[in-house]
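Chemist: just the structure for this:
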Amino acid sequence: MSKIENQPEEILEQETQQATETAEETVETQKPEEAEAEQQAEAEKETTPQQDDRFLRLAAEYENYRRRTAKEKESIWNDAKSEAVIAFLPVYDNLERALKQETTDEAYKKGVEMTMNQLKTVLEKLGITEIEALGQPFDPTLHNAVMHVEDENFGENTVAEVFQAGFRLGDKVIRFAMVKVAN
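Modeler: Below is the predicted model:
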């Protein structure tokens, strides 16, 4: 009878040993990426409030970085446009002077007008606007007063004459308008 009683224990022992060997083979044949992914998934399940806080702070820092670089990029673009326009403003001034001169050659005058209109169109496409000055109240943030005149026809602190046009890009003044102010 001892042989019959020992048989189930031996069978149980053999089955346990086979199961252990199979589990070990499974672990050995499992790819390192899969094992790492399982470990990472388990680690994610066990996050602490400090880890959550660190993650949120990191996400916020990244968002701030993204916004800051977008602003810097826009600022650099606007600065480059401003510098290019500043280089062309003497051409604008010379065309404006040429238009003020009297001439008998109508073709010449029409050519200068067309060139001036084309330059103004290009400036508008770039977002450059001329600062309104003539007849406007004097504003030191937009105008550069180089002369003053006592004139009853104009109100106090009113721009009486524009010597050189001023320009701006959005809110940024590229060049102040050079004006004569009536006091």
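Chemist: could I get the average pLDDT for stretch 82-93?
Modeler: The average pLDDT for stretch 82-93 rounds to 94.
Chemist: ok, now stretch 61-75?
Modeler: Mean pLDDT, computed over stretch 61-75, is 95.
Chemist: quick one: Q136 and A160 touch, right?
Modeler: No. With contacts counted by C-beta atoms under 8 Å, Q136 stays clear of A160, the gap being 10.6 Å. Bear in mind the C-beta positions are built from the backbone N, C-alpha and C, glycine included.
Chemist: ok, the two, which is more surrounded?
Modeler: Neighbour comparison, Q136 and A160: the larger count goes to A160, with 20 against 16 (by other C-beta atoms under 10 Å).
Chemist: what's the more buried one sitting at in phi/psi?
Modeler: A160 adopts backbone torsions of phi -90, psi -30, taken as degrees, to the nearest 10.
Chemist: list the contacts of it.
Modeler: By C-beta atoms under 8 Å, 6 or more residues apart in numbering, A160 lies in contact with 149, 151, 154, 179-182.
Chemist: nearest to N64, of the residues you listed?
Modeler: V179 (42.6 Å; C-beta to C-beta).
Chemist: what's the local residue count around E161?
Modeler: Taking other C-beta under 10 Å as the definition, E161 ends up with a neighbour count of 16.
Chemist: okay, buried residues for the one helix or strand it maps to please.
Modeler: In this assignment (DSSP states H and E), E161 forms part of strand 158-164. By neighbour count on 16 or more other C-beta atoms under 10 Å, the buried set for strand 158-164 is 158-162, 164.
Chemist: out of those residues, who's nearest S82?
Modeler: For the buried residues of strand 158-164, the residue nearest S82 by C-beta to C-beta is Q164; the value is 16.9 Å.
Chemist: SS state for the nearest residue to the closest one once chain neighbours are set aside?
Modeler: Using C-beta to C-beta, 6 or more residues apart in numbering and skipping the chain neighbours, the partner closest in space to Q164 is M178 (3.9 Å). On the three-state scheme (DSSP: H, G, I helix; E, B strand; the rest coil), M178 is labelled strand.
Chemist: all helices of this protein, in order?
Modeler: With helices called from DSSP state H, the chain shows them at 2-29, 32-45, 49-100, 106-125.
Chemist: hmm, who's touching the last one?
Modeler: Residues outside helix 106-125 that contact it (C-beta under 8 Å, 6+ apart) are 85, 88, 91-92, 95-96, 98-99, 103, 129-130, 167.
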